[in-house]
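Asks: for reference, the sequence and a predicted model appear below.
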Amino acid sequence: MRQALGYYFVFAFVTLMNGHQFRCDYKYFPQAEGWLKLHRIPTNWREARLRCHLEGGNLASPLDAGLRLAMQAAMQQAELVKSGVFTGISGFFSRGDFHSIEGIPLSQIPHTWYGGEPDNHNDNESCILMVNNGDLADVSCAETFPYLCYGKAGRALVTNNCGTFDNEYQFDSRTGSCYKFHKVPRTWSRAYMACAAEGGHLAIINSDTEATVLRELFAKNPASSMVGNFWKDVAFIGFQDWGENREFLTIEGQTLEEAGYAKYASGEPNIAERGNVCGAIYRSALLDDLWCNRSPYAFICEKKPENPVCHD
């Protein structure tokens, strides 16, 4: 019996390690003692770092032999042989002082430089790339490359009824959706990115009932609970004019009327000059229009409990 229980616990541990215990869009690599996700679409280093952070991980670095091998394996499985991937190693804070996202200096990370590297070409290469053989090269942080995000094993991870480990998402039975109020202000584009990284989207109001849900959520986040100098009585949600002056559509391409809710506050929308204008709500849940990327504001994400949708 004791031997049988031992086998059971070993099986359970292996299932935990190889199952969807971090995020189902990440793959577990035993040699890395954690999960990796390849982002194929090239981006600059700052965007890569932020995306991994918003997903709950770090921009991956070959901190040891096991993690380096796992990163190489992920690249090979994706047939990513023509370019390297950004690592989390950079001189972001001080030119030439290379550290990983975790704060580990490059001098403490086993590494081999690619031929002719580092060369700090044009005195403008403060980020580190890993090529497919595991060697490193210095590149401009403004260049664009694919990248890997890493979630380390060992954390106690319990999925809630919103299908996430982020307990700031709360399910509301009136709509069947989960919502999160972000107190850290971002521009609309960054807010869109944050929601997507969490497996959701900027909230779309589909009914008076859903407006009530968001009004109640806003009330739980008074201005006094938000840190910083920004307007705290509005929050971005999921509609904008898509570059056409005051022709507002949701991020799913519907007019506000088609989506089910088009109640503006008195005097809104009031931005008359041309430019990219995005949607928001007041604390009353009545609609407002704001410049998309001129100033950061709070924002509200919405996700279905089954998102992100992943397949074994």
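Replies: Sure, I can see it. Residues are numbered from 1 along each chain as shown.
Asks: ok, A265 touching A285?
Replies: No: the criterion here is CB atoms under 8 Å, and A265 misses it with A285 at 9.4 Å. All C-beta atoms are positioned from the backbone trio N, CA, C, and that covers glycine.
Asks: and the closest residue to V227 other than its chain neighbours, helix, strand or coil?
Replies: Distance criterion CB to CB, 6 or more residues apart in numbering; nearest residue to V227, sequence neighbours excluded, is K183 at 7.5 Å. Secondary structure, DSSP: H, G, I helix; E, B strand; the rest coil: K183 is strand.
Asks: measure how buried A194 is and give me the count.
Replies: Per other CB atoms under 10 Å, the neighbour tally for A194 reads 22.
Asks: would it count as being in a helix?
Replies: Yes: A194: assigned to a helix according to three-state DSSP.
Asks: tell me which residues touch it, please.
Replies: 54, 182, 186, 299, 301 (CB atoms under 8 Å, 6 or more residues apart in numbering).
Asks: go again with 6 Å.
Replies: A194 is in contact with L54, counting by CB atoms under 6 Å, 6 or more residues apart in numbering.
Asks: next one: it from G34, what distance?
Replies: Distance from A194 to G34, counting by CB to CB, to the nearest Å: 22 Å.
Asks: hmm, who's touching stretch 235-247?
Replies: So stretch 235-247 is contacted by 188, 191, 201-204, 248-251, 269, 274, 276-281, 297-300 (CB under 6 Å, 6+ apart).
Asks: correction: stretch 67-75
Replies: By CB under 6 Å, 6+ apart, the residues outside stretch 67-75 that reach it are 29, 31-32, 36, 38, 60, 62, 132, 134, 148.
Asks: please pick the buried ones from those.
Replies: The neighbour count (16 or more other CB atoms under 10 Å) marks 29, 32, 36, 38, 60, 62, 134, 148 as buried among these.
Asks: helices along the stretch 201-312 of the chain, start to end?
Replies: All helices of the stretch 201-312 of the chain, identified by DSSP state H, counting those that start in this stretch, fall at 208-219, 256-259.
Asks: single out the most deeply packed of the ones you listed.
Replies: Mean neighbour count (mean count of other CB atoms under 10 Å) peaks for helix 208-219 among those, with a mean of 17.
Asks: what about it, distance to the chain center?
Replies: Its chain's C-alpha centre and that of helix 208-219 lie 25 Å apart, by CA atoms, centre = their mean, to the nearest Å.
Asks: give me the number of residues near A48?
Replies: 26.
Asks: where does the stretch 101-250 of the chain have low pLDDT?
Replies: Low-confidence segments of the stretch 101-250 of the chain (pLDDT under 70): 155-157.
Asks: repeat that with 90
Replies: 132, 153-161, 163-165, 242-247 (pLDDT under 90).
Asks: circling back: can you list the buried ones among the contacts of stretch 67-75 in TSV and add secondary structure?
Replies: Converted to TSV, the buried ones among the contacts of stretch 67-75 look like this (three-state DSSP):
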residue	secondary structure
F29	strand
A32	helix
L36	strand
L38	strand
A60	coil
P62	coil
G134	coil
L148	strand
